[in-house]
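1. Coordinates for the following, if possible.
(chains A, B and C)
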Amino acid sequence: MTGMNPLLEARDVIVEFPVKGWRRPPFRALKGVSLTIDPGETLGLVGESGSGKTTLGRAILGLAPVTGGDIRFAGRTVSGLGKRERRALSKDIQVVFQDPYTSLNPAMTVGDILTEPLLVAGTSRADAERRVRGLLDEVHLPADTAHRLPREFSGGQRQRLAIARALSRDPKLIVCDEPVSALDLSTQARVLDLFIEIQERTGVAYLFVTHDLSVVRHISHRVAVMYRGEIVEDGDAGVVTSAPAHPYTQRLLLAAPVPDPARQAQRRAERHRFLAEQAV
Amino acid sequence: MSVPNEPNPAHGPSEPVAPRAGVLRRLLRDPLAVAALAYVAIVVVASVLAPLLTSQSPTASKIADALLPMGDGHPLGTDGVGRDVLAQLLHGGRTSLTGALIVVAVSLAVGLPAGIAAGYYRGWFDGVAGWLSNLVMALPAIIVLLVVLAQWGRSTGLAMAVFGLLIAPGIFRLIRASVVAVREELYVDAARVSGLGDARIMRRHILPVVVAPTVIQVSQLLGIAIVLQAGLEFLGLGSENQASWGGMLNDAFANIYSAPRLLLWPSLAIVLTVTAFSLIGNALRDALGVGGTAVHVRSRAEAAPSGPVVAASPSPAGEADESDEADVLLAVEDLHVAYPRPDGSQAVVVKGASLSVRKGEILGLVGESGSGKSQTAFSVLGLLPPLARTSAARMEFGGRDLRGLSPAAMNRLRGKRIGYIPQEPMSNLDPSFRVGNQLVEPMRHHLGLSRNAARTRALDLLERVGVADPERVFASYPHQISGGMAQRVLIAGAMSCDPELLIADEPTTALDVTVQAEVLDLIRELQAERGMGVILVTHDFGVVADLCDTVAVMQTGRIVETAPAARLFAEPQHEYTRMLLASTLDDCEPRAARSHPVQNLGGTR
Amino acid sequence: MITFLLRRLAAGVVLVFVIATATFFLTGLTGSDPAQRIAGTQAGAAQVAAKRHELGLDRPLVERYADWLGHAVRGDLGTSWFTNQPVSRVVGEALPVSLSLVLAAILLTAAVSIVLGVAAAVRGGWADRVLQVVSVVAFAVPNFLVGMILALVFAVQLGLFPAIGYVKPSVDPAGWLASITLPALALAIGAIATVAAQTRGSMIDVLRQDYIRTLRSRGLPARSVLLKHALRNAAPASLTVLSLQFIALIGGAVVIEQVFGLTGIGERATSAASQGDVPLVLGVVVVTVVLVVIVNLLADVLLGWLNPKVRMS
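-> The predicted structure is shown next:
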C-alpha cells in the first residue's frame, strides 16, 4: 500500500453528542479515531454495541457531528463541510444501512427510489431510467422491479435495492452499516457475495461496519477493532481475525461460537483459560 | 434469492399512503362515506342558495307570529319571537360552515408550517413553538373566547378565528410528531447521503407523510368547530342579527316547555353535519391506510388467553416407539399451527412437526425466519395468539396430555414446570415494577412462599445467575440495568420454580458476543445442575454447536432433519441442512488471503 | 422527583403569570371604551370622564397593570365594574359550584373510562360497540344538547332529579348530589369518549408487549397480568389525557351551567363577558389557570408514582 494516497483518511476524529440536562458534559462517542481506506479496498470495522463503529460511519457520511480531528477524502478535508459542498460529495461517498425495512421509503416505487439520486445530479429522466435497468441487473433483480413498492420485497431483496441505490452514481466509497445482520443465514451469504462481486468489477472501496467477526473475515482486506470509542487494533484481516494481538480482540474472537461441536468445545475451553489468565 | 413469500414483518411507525389515485375510489366504495359526502354537499348547496330557497327573513321577528306550527308560509313553523324556522335553519348553515372554514383555515395556516419547521429543523424554534403550544393548550378555549368577546363585542367570525388559533397547537403537535417520526427514518438519511437538499427531502419524503393525518384531522376539526360555535351562540354570544343553529337552540331552550319541537331542527342539523364530517374522516383514515382496524383485531386476539391445542385426527396408536418412553419429557407429534387469513383461507405456519425432548437433553430447534420454530415452541407453552388454530396428534409433557388443557391448568404448568427465556431482554421485563417484584410474584403464586422466603430465594437465584450485587438488582427497575443483566434476571425468573423443561427462544440473539458467551455458559451450567430438558430455538449454528445434544432443523413449517449434534454437523442428510451449513462463514478462508484490493492487483505488492 | 415537581411548579407559576399578563394587556389595549359602555349611551362626555376616572381607566396601562398584579398576588382581584362587588368574592362563591360539577365529571370519567377501555381492549364485542356509540354521541352532540335532553327526560318527564339549581352539600348532601348528577353526566360524556378510547388504545399496546407474554409464561393468573401489570403500564397515557380533559371540562362547564341554572364561574364569566365586565373576566381567567396548574401538578405526582422512569429522573 505504500506509495499510494489513501482514498479516505480519518485523523483523531472526535464525535460528541450533547447530553440533555443542565451543564452536563457531552457524550463522547468517538475518542480520537484514526484510520485509512485505500481505493478498491474493504476495511472491516468490528465492535460490540455502543463501541462507536456506527457513529464513525455516520461521521464519514456527514450524518454525525465531527467535533475534533478531520476526515479527508481523496486528500481533501470533508468533515465540517457546508450543506452544498457536502451534497456534491454524494457522488463519491454512498451508504447501505442495516435495516432494509426503514432505509427505503415505503410510499415510493423502486424506480422512483433509484432514479432520485440521479435526477438530483442532473441526469435526464430517460438516462436515469436506463441506468436503473442496468443497476437492477447488476444486483440480480428483474427489470420489472422498478414498478413495485418496497414492501413487496423480502429483506434480502430490499438490501439489494439499497445496494443498487448506493451504486447509482459510481461512488468510490460505500459505507456499509451492518448491511447483512438483519438477514437470514443463506441470504446473508449471497448478499456478501454480491458485495464482493461488485467490488471486483467496479473497484469501489467499502467501510464495512459489523459486529460479526466471521462476516468481517469473509469480506475485508483489513480490519479495525473498536472498543468504547477507540480503535484498539487494526491490521490484515486474516491476522486480526485468527491471531489477534489485543486482549479485547482475543476475547471477542474466543466468544464467537464456531459451528462445529468439537471445535467449539475446544474454543470454549480456550476462552475459559484465557479469562482465568486475564483475571489473575 | 430468499424465499419469495417471506412474510413482511410489520415495520416502522406507519407504512401508509398507497398511491393517491386509489384513495378517492376506495372512499367511494364505502357507502357510509358516500352518504356523508352527499349530505355535506346538500348542506353546502342549501346554505349557499339559502336566499333563493326561502323568501322569509331569518331574523325578522313578529311577536304576533310567535310559535306558529308548521304550515302556510312557514314550512317548519316559527320560533319564540316569530322568526321563520326554515329560513333560520338555511341561513344558520351559512354561519356554521363559514365559521368552521375560518377555524380550519386559521389553524392550518398556523399549525402546519410551524409543525413542519419544528419537526424538521428542531432546535430553538421547536423549543419555543412547543412551549407556546403547551401554554395555549392549558387554557379552556371557551374562557379565552369569553375574554375576547367581552373586549371586542359579539362577533362569531372573530371568535372562530381566535378559536382557530387556540386549536392550532393540536395541528402543530400532530404534524410535528409525524415529521419527527419520518425524519428519524433511515430513508431520509439515505436521501441526504444521495445528495438531496432540504427542500427536496421535504417535498419528496416529508410532506407526503403529513398529508394523511392532516386531512383526517381537518374533518374532525370541522365538526369540533361547529359544536363549539353552537355553544357560543347558545350562550347568546353569537353575532347579533345573524341566524345560527346555536342561536336557534337558545330560543328552543327558552321555550322548552311550550314548544319542545323547536329543539328538533337545529339539533338535527348540528348532529347530522358533525356526524357526516366524522364519518368522512373515518372513511379517509381507512382509505389512506392510516391506523388500520386489522391491527386491533390482531392485538385483541393476542391479549386474550390463547386457545388450547386440539387433538388431531386419531393419534397413531399402537405405533410402538423405539426409544424408551420413560425418559421422554416432552413429546409432540404431527403439530399443525395455522392462522386464518382475512379472505377465509388459512396460513399454515407449522405443518406436521414432531419432536421429543428427554430429561436432561438439550434440543436445538434451528431454522431461518418464517420457518415456524418459534411458533412450535410457543405452542408447547400455550402462548400462541388465540387466532392460531393448533392441532397435534400428540402433545405430552411428563406423561400428561397438554391438548385441551384449561387455561387454569396450563397456568399451573407454565412457570412452575415449564420455564421460558425470551429473546429481547429489555422488552421482557415489566418497566413499571421492580426486578425483585417480578421474580417474587411467580414464586409466591406457584410455591406458596411467604414474602420473605420468596425474597431470599430470589436473591439466591440472582447470585446463582452471576449477578454481582443481588440486593441492588433486586431493588432496581428494569431501565436501571444493562441488557446482559436483564437477560440474567430473566433466566433467574425461568429457573425460579425449578422447571423440568426450559424453552429458550433465541436467548442470546439480542446480546453482544461476549455477553452471549457468558449467557450460554450459564444456561449450560444450570442445565447440568438441574437436569432439565431444554428446547433452544435459534438460527445460529455456533450456538447450536456450543450447547445442543440433538438438533431439529426446520424449514417452512416442517422439521426436515433431526439428528444428534455431532452427526448433524459431520454428515448433514437433508439438502436444506447442507445448504444452511454451507452458508456459515466461519470456515471460509479470509478475504485477504483470497484476493487483494482490486486496484492493487499486479501492483505494488 | 422532588426537583422534577419543583420545576413543574415553577413552570406553573410562570404559566399563570404569563396568561394573566397577556389577558390584562389584551383587555386593556384595544376595543370599545368601557367607561362609555358602563355609563350608558345617553351619558354625556363629563359623565363618561368621571366614570373613567372612577375606574382608574385614565391612568397609564402599565401603572394599572402593576397595581392589579400587586393586589392579585395578595388574592385581591379587583372590583366588578357593574356590581361593584369584589371579584374574589364573586368567584369564591361561584367556584364550589363549578368544582363540584367538574370533579364529579372527572371521577365519573375515570371510573367509566377504565372499565369501558379495558373491557373494549380485552373483550372487544359489546364494550367496543358501547365505546363507539359514546364516541359518536360525544363528538356529534353538543354537551348542552345532551344536558337539555337529560333534563327533559330525567328531570321533567321522570322527575328523578331537579332540572335546575344548585344545593350546597353543607345544607343537604343528598340534594347536592342530585343537583349535580345530570350536569356532571352531560359534561362527562365527551371526556369519557376520549379517555376510554385512550385507555383502550394503550391497553391494546401494552398487551402486545413482550413482557406481558413473559409474565404469562410464568404462569401468573390472567387477572393479575391484566389488572396489575397491563393496567399499571397503560395508566400513564390515560392519566395524561384525563388531565387534559380537565381543561376541556372547565370549558364545557361554562355552557352546562347555563342549561342547569347553576351559578358557577362559567355562568359568571358568560354574563361578565356579555356585559364587558373586564375585571370579573380577568379574575375568572386567573382562577381557571391556577386550577389547571394545580390539576397538572397533581397529575405529575401521580405519573411519577406510576412511572419509575419519571420518578428517578
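2. Which residues are in contact with residue 148?
-> Just going to use chain A. Going by CB atoms under 8 Å, 6 or more residues apart in numbering or on different chains, A:R148 touches A:109-110. (Glycine included, C-beta is placed from N, CA and C.)
3. Hmm, no, I was thinking of chain C.
-> The contact partners of C:M148, taken as CB under 8 Å, 6+ apart, are B:249, B:253, B:256, B:263, C:259.
4. go again using 7 Å as the cut-off
-> Contact partners of C:M148, counting by CB atoms under 7 Å, 6 or more residues apart in numbering or on different chains, are B:253, B:256, B:263, C:259.
5. Rank those by pLDDT and give me only the lowest.
-> Lowest pLDDT among the contacts of C:M148: B:I256, with 83.
6. circling back: need the max-distance pair from the contacts of C:M148.
-> B:L263 and C:V259 (12.0 Å; CB to CB).
7. So for these two, which sits in the more crowded spot?
-> Between B:L263 and C:V259, C:V259 has the larger neighbour count (other CB atoms under 10 Å in any protein chain shown), namely 23 against 20.
8. That one contacts C:N143, doesn't it?
-> No: at 8.7 Å, C:V259 does not count as touching C:N143 under the criterion of CB atoms under 7 Å.
9. What is the subsequent helix or strand relative to the strand or helix carrying B:L135?
-> If you go by DSSP states H and E, B:L135 is part of helix B:123-137. Downstream of helix B:123-137, the next assigned helix or strand under DSSP H and E is helix B:141-152.
10. which outside residues touch that following helix?
-> With CB under 7 Å, 6+ apart as the criterion, helix B:141-152 contacts B:158-159, B:162-163, B:166, B:228, B:231-232, B:237, C:23, C:26-27, C:31, C:251, C:254, C:269-270, C:272-273, C:276, C:278, C:281, C:284-285, C:288.
11. Averaged pLDDT, it. What do you get?
-> Mean predicted confidence for helix B:141-152 is 85.
12. now B:V110, nearest residue through space, not along the chain?
-> Once flanking residues are discounted, B:V110 sits nearest to B:A168: 4.1 Å by CB to CB, 6 or more residues apart in numbering or on different chains.
13. wait, doesn't that neighbour sit right on B:L112?
-> No: contact criterion CB under 7 Å: B:A168 and B:L112 do not qualify, at 8.9 Å.
14. ok, those two, which is more surrounded?
-> Neighbours per residue (other CB under 10 Å) separate B:A168 from B:L112, with B:A168 holding more: 23 against 17.
15. for the more buried one, what are its contacts?
-> B:A168 touches B:107, B:110-111, counting by CB under 7 Å, 6+ apart.
16. can you pull the buried residues of the helix or strand hosting it?
-> Counting by DSSP H and E, the element that carries B:A168 is helix B:156-183. Across helix B:156-183, burial judged by 16 or more other CB atoms under 10 Å in any protein chain shown covers B:156, B:158-176, B:178-180, B:182-183.
17. what comes into contact with stretch B:181-193?
-> For stretch B:181-193, the surrounding residues in contact (CB under 7 Å, 6+ apart) are A:61, A:63, A:90, A:94-95, A:97, A:99, A:102-105, A:165, B:12-13, B:119-120, B:201, B:205-206, B:209.
18. Can you pick out the ones from these that are in helices?
-> A:165, B:119-120, B:201, B:209 (DSSP state H).
19. For the residues you listed, which single residue is the most surrounded?
-> Tallying neighbours with other CB under 10 Å puts A:R165 at the head of the ones in helices among the contacts of stretch B:181-193, with 29 neighbours.
20. could you measure that one against chain C, distance?
-> Remark: distance between A:R165 and chain C (CB to the nearest CB, to the nearest Å) = 33 Å.
21. contacting residues around the spatially closest residue to that residue that is not a sequence neighbour?
-> Closest residue in space to A:R165, ignoring its immediate chain neighbours: A:L114 at 5.6 Å, by CB to CB, 6+ apart. Shown in contact with A:L114 (CB under 7 Å, 6+ apart): A:132, A:135, A:164-165, A:168.
22. you'd agree A:A29 is in a helix?
-> No: counting by DSSP: H, G, I helix; E, B strand; the rest coil, A:A29 falls outside a helix, being strand.
23. just checking, it touches A:G52?
-> Yes: the pair formed by A:A29 and A:G52 meets the contact definition of CB under 7 Å, at 4.9 Å.
24. before we move on, the earlier item: right, and the pair among the ones in helices among the contacts of stretch B:181-193 with maximum separation?
-> So, the ones in helices among the contacts of stretch B:181-193 by CB to CB: farthest apart are A:R165 and B:G119, at 24.9 Å.
25. how far away is B:S450 from chain A?
-> 38 Å.
26. Just the closest residue of chain B to chain C, please.
-> Using CB to the nearest CB, the single residue of chain B nearest to chain C is B:G415, 3.0 Å away.
27. thought that residue was touching C:G219?
-> Yes: using CB under 7 Å, B:G415 is in contact with C:G219, at 3.0 Å.
28. Surely B:A87 touches B:Q56?
-> Yes: if you go by CB under 7 Å, B:A87 and B:Q56 touch, sitting 4.1 Å apart.
29. Tell me which of those two has more neighbours.
-> Neighbour tally, B:A87 and B:Q56, criterion other CB under 10 Å: the higher count belongs to B:A87, 24 against 19.
30. tell me which element the more buried one falls in.
-> Going by DSSP H and E, B:A87 is in helix B:85-121.
31. now that helix against helix B:123-137, angle please.
-> 150 degrees (axes from the mean of the first three to the mean of the last three CA atoms, to 10 degrees).
32. list the helices and strands helix B:85-121 packs on?
-> Packing contacts for helix B:85-121, counted by 3 or more CB pairs under 7 Å, 6 or more residues apart in numbering or on different chains; DSSP states H and E, involve helix B:31-48, helix B:50-53, helix B:123-137, helix B:156-183, helix B:207-234, helix B:245-254, helix B:264-288.
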